[in-house]
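A.B. asks: Sharing a model prediction with you, sequence too.
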Amino acid sequence: MRPEEVRATLASFSLVLVLMASYYVLRPVRDAMASDWTDAEVSWLWTFTFFFSAAAVSLYGAAVARFSVKKLVPGVYAFFGLTFALFYVGTQIAEDRTLVDKSFYVWVSLFALFHISVFWSFMSDTFSQPQSKRLFAFIGAGASVGAIGGPAFASLLAGTSSTDAMLLISTVVILAALPLVIWVQHLKSTELHNQTVHASSTDFEYVGGNPFAGFAEFVKNPYLLGIGVFILLYTSISSFVYFELKNLMVDYTREERAQIWAQVDLLVNALTLIIGMFVTGRIATRMGLPFTLASVPMLICVGMLLLMAAPSVAAVIAIQVVRRVGNYAVSRPAREMLFTAVDRETRFKAKPVIDIVVYRGGDMLNAWAFTLLTQGLGLSLGAAAGVGAGIALLWAGTGVALGRSFERREEAAGLSAPSSTQSH
């Protein structure tokens, strides 16, 4: 970090810290609400989230094509901050707050898509490419700090006051990001001297445009289809664990649920940071990608079998922690490695389809599948856990197949490199 970069880097670090903290104050409030609703009601909310997410990302893609990042970034954050303040007002004046709560549930899920995506768009508009290679890893660490601080604060607050107050606090935290945005914009010209640096359309290809644009590329590529199946099986497990935990916490108050969800978030993010720093790279390097992709599904399979034998809230929480830590620290980084085996154009076209359409669509379909198993067929927790164990085993097998396919592609690329060099 060079002297003229220090203040802009620290301000950017603080900005992403604040943004992640604001989200993780809201997340436990959202998840605590779900226990008040039936599986079918939550399935409908996940369905709305899928369609709203696809539409919202498309609208954001249109916005970045029409407005400068300088105007777009503070506008997006101010807008979300205002909406959460309005949700607080709604909770105070509505006689029946069910509609307000369900709208908030979907809205927070939309916010989760945008708060970090907009931030990194802002960073690409602030720092030059050489600076990004040196500074973005440090700046990104601010997200991890915020992801730990936010749940810790939410857990403390949920134990001492109403969860409604957390909406106002999140509003204040989000609005506190605006002076940091303005300061970074000021430092861009006064200290970084990056007046000529502007985010180009390629910086938004991942989040912008129509998320269905790469669907044809996705369905005709068996390798990408395999990644899609891997994601779909992951969402099957995540839906199972989320719904079971939601149902097991029905007898708790909303404040107690928010505190439990916040403590889970705190534990997950702390373990993710430690494992990501010291373990993940060593697993992928020494054990290979097939093992890395299959390791978390196998742990989940064992957990499901134990849950089938002895159902309990503690067991479901333990599986939830293992699933999320495993995804953030191991499965997600390994999954991103898979995209290095395809060309850049395919990667940009297919990733929105996989990360938005397949992921959110998987949430929706699996939510209804779980509802069918529990409310339709009347399966108990133990029986549903047995189904989950089978899915986890299939998920592990898909991971092994994907890892081997990646290694074959990597080997083929290595063999073709010398002949390609000679031809030039």
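C.D. replies: Cool, the structure landed. The structure presented is a predicted model; accordingly, all values stated were derived computationally and were not measured.
A.B. asks: Counting neighbours, what do you get for Glu411?
C.D. replies: For Glu411, the tally of surrounding residues (other CB atoms under 10 Å) stands at 10. The way it works is simple: take the backbone N, C-alpha and C, and place the C-beta from them, glycine included.
A.B. asks: what helix or strand is it on?
C.D. replies: helix 381-423 (DSSP states H and E).
A.B. asks: same question for that helix, mean pLDDT?
C.D. replies: For helix 381-423, mean pLDDT rounds to 81.
A.B. asks: Repeat that for stretch 249-261.
C.D. replies: Here the average pLDDT along stretch 249-261 is 90.
A.B. asks: buried set for that stretch?
C.D. replies: Within stretch 249-261, the residues scored as buried using 16 or more other CB atoms under 10 Å are 249, 254-255, 257-261.
A.B. asks: Which one of the residues you listed is nearest to Val173?
C.D. replies: Proximity to Val173 was ranked across the buried residues of stretch 249-261 by CB to CB; first place goes to Ala258, at 16.2 Å.
A.B. asks: which residues touch the closest one?
C.D. replies: 28-29, 31-32, 154, 158, 163, 166 (CB atoms under 8 Å, 6 or more residues apart in numbering).
A.B. asks: Can you tell me how far Leu271 is from Val321?
C.D. replies: 7 Å (CB to CB, to the nearest Å).
A.B. asks: Please apply the same query to Ile93.
C.D. replies: Distance from Ile93 to Val321, by CB to CB: 37 Å.
A.B. asks: and Ala314, how many residues sit next to it?
C.D. replies: 9.
A.B. asks: Give the buried residues for the helix or strand encompassing it.
C.D. replies: Under the criterion of DSSP H and E, Ala314 resides in helix 313-326. For helix 313-326, a neighbour-count test (16+ other CB under 10 Å) marks 315-317, 319-326 as buried.
A.B. asks: if you skip the residues just before and after it, what's nearest to Phe370?
C.D. replies: Phe243 (4.9 Å; CB to CB, 6 or more residues apart in numbering).
A.B. asks: following the one helix or strand the one you found maps to, which helix or strand comes up?
C.D. replies: According to DSSP H and E, Phe243 maps onto helix 222-248. Later in the chain than helix 222-248, the nearest helix or strand by DSSP H and E is helix 254-278.
A.B. asks: residues in contact with stretch 350-369?
C.D. replies: With CB under 8 Å, 6+ apart as the criterion, stretch 350-369 contacts 39, 42-43, 46-47, 49-50, 53-54, 57, 206-207, 209, 211-215, 217-218, 221, 224, 227-228, 231-232, 234-236, 238-240, 243, 339, 342.
A.B. asks: Quick one: name whatever helix or strand follows the lowest-mean-pLDDT helix or strand in the chain.
C.D. replies: In the chain, no helix or strand scores lower on mean pLDDT, DSSP states H and E than helix 344-352, which sits at a mean of 68. Downstream of helix 344-352, the first helix or strand assigned by DSSP H and E is helix 359-371.
A.B. asks: quick one: that following helix to helix 381-423, angle?
C.D. replies: Going by axes from the mean of the first three to the mean of the last three CA atoms, to 10 degrees, helix 359-371 is angled at 160 degrees with respect to helix 381-423.
A.B. asks: circling back: and the helix holding Phe243, what does it pack against?
C.D. replies: helix 39-66, helix 215-219, helix 289-309, helix 313-326, helix 332-338, helix 359-371, helix 381-423 (3 or more CB pairs under 8 Å, 6 or more residues apart in numbering; DSSP states H and E).
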